[in-house]
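Peer 1: Return atomic coordinates for the entry below.
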Amino acid sequence: MFDRYILGMLVEKKNIKLLSGKNIIKFDTSYISNGLYAFTVKSNNLISTIKFVKNE
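Peer 2: Numbers count the residues shown, from 1 in each chain. Okay, the predicted model is just below:
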């Protein structure tokens, strides 16, 4: 499952199946405004958050 937040608000939430090992998750950022975002991946007992900047 991954979540994306803007200004503390959920922008998008998806349930996806992750496999053991390395996974590549692609998502469309064309509809969101420029700014700072947090991308959170939750899998079993693991929670990983990645911050990114959209600047186009």
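
Peer 1: what about the strands in the protein?
Peer 2: Ranges of strands in the chain, per DSSP state E, are 2-6, 9-14, 35-43, 46-54.

Peer 1: Please identify the deepest-packed of those strands.
Peer 2: strand 2-6 (a mean of 16; mean count of other Cβ atoms under 10 Å). Every residue, glycine included, has its C-beta placed from N, CA and C.

Peer 1: Relative to residue 33, how far out is the nearest residue to residue 47 once chain neighbours are set aside?
Peer 2: Distance criterion Cβ to Cβ, 6 or more residues apart in numbering; nearest residue to residue 47, sequence neighbours excluded, is residue 40 at 6.6 Å. Computed as Cβ to Cβ, to the nearest Å, the residue 40 to residue 33 distance reads 19 Å.

Peer 1: related to what we said a few turns ago, surely the residue nearest to residue 47 meets residue 52?
Peer 2: No - taking contacts as Cβ atoms under 8 Å, residue 40 lies outside contact range of residue 52: 11.6 Å.
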